[in-house]
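Q: Just the structure for this:
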Amino acid sequence: MQESYVENGKTAGDNGDVGKSIYSQVFSRKGFEWLLEVDETEDDDFNKPLLEELDIDVADIYYKVRCVIFPLPSLGFKRDVLRDSPDFWGPLLIVILYAILALYGQFRVVSWIITIWVLGSLIVFLLARVLGGEVTYSQCLGVIGYSLIPLVLTALALPLVHYFPMLGFCIKAIGVVWASYSAGSLLIHEDLRSKRPLLLYPILLLYIYFFSLYTGV
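A: Purely as a prediction, here's the structure:
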């Protein structure tokens, strides 16, 4: 019985292979053999990690965050990576974090903060191009977004000095100047050195407006 079962199984398998070959011959004659092809690359795409699928490099984002926190060139960070290798997810995360801090968890207005980031970066980009700077919109978007980190740190520090108004004012001023210097030093190239105030001033106003959303003034 077992031998006959095996023989029947082999016969069935052979018949299946014969059937597949017949179908492949028919499809190939009609020019539809591509219907029987299996794309193995799709399976590889499904097996990719989520961060890789979304093109999120956590190590790169962490390095760029440190470049903004420590903006002085003497500290050894290659800050040009923020301009030369712009990304989207890192600045977006920082903008959302600042929006949550500034608006005390009112998520319905987070979109307004993101809109200011997008439009403010567009204005800075247009001004830089008019002045003759060789920058792209993605570079402005990334630099403006990452440079919000000083304002995030300032927003976290202000509740600790609530009873010291003068100290709080100094921290606010340092945070705005810090953010403006970080963005301006990356977006102002050698060809814009003589026109630095024309671009640095709107950048400063943009961060003052960002910070006014947190302080309410």
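
Q: Which parts of this structure are helices?
A: For the chain, helices defined by DSSP state H occupy the ranges 2-30, 40-46, 50-53, 58-69, 81-84, 89-102, 110-130, 137-146, 149-157, 165-187, 196-215.

Q: Give me the buried stretch members for the fifth one, please.
A: Read it as helix 81-84. 82-83 (16 or more other Cβ atoms under 10 Å). Using the backbone N, CA and C atoms, a C-beta is placed for each residue, glycine as well.

Q: what helices or strands is it leaning on?
A: Contact here means 3 or more Cβ pairs under 8 Å, 6 or more residues apart in numbering; DSSP states H and E; on that basis helix 81-84 packs against helix 58-69, helix 137-146, helix 165-187.

Q: what's in contact with that helix?
A: 60, 63-64, 67-68, 135, 139, 142-143, 146, 186-187 (Cβ atoms under 8 Å, 6 or more residues apart in numbering).

Q: 10 Å instead?
A: Helix 81-84 is contacted from outside by 60, 63-65, 67-68, 78, 87, 90-91, 135-136, 138-140, 142-143, 145-147, 182-183, 185-187, 189, using Cβ atoms under 10 Å, 6 or more residues apart in numbering.

Q: I'd like to know which of these are buried.
A: 64-65, 67-68, 87, 90-91, 135, 139-140, 142-143, 145-147, 182-183, 185-187.

Q: what's the most buried one of the helices of the chain?
A: Ranked by mean neighbour count under mean count of other Cβ atoms under 10 Å, the helices of the chain are led by helix 137-146, which reaches a mean of 24.

Q: what's that one packed up against?
A: Judged by 3 or more Cβ pairs under 10 Å, 6 or more residues apart in numbering; DSSP states H and E, helix 137-146 is in contact with helix 58-69, helix 81-84, helix 89-102, helix 110-130, helix 165-187, helix 196-215.
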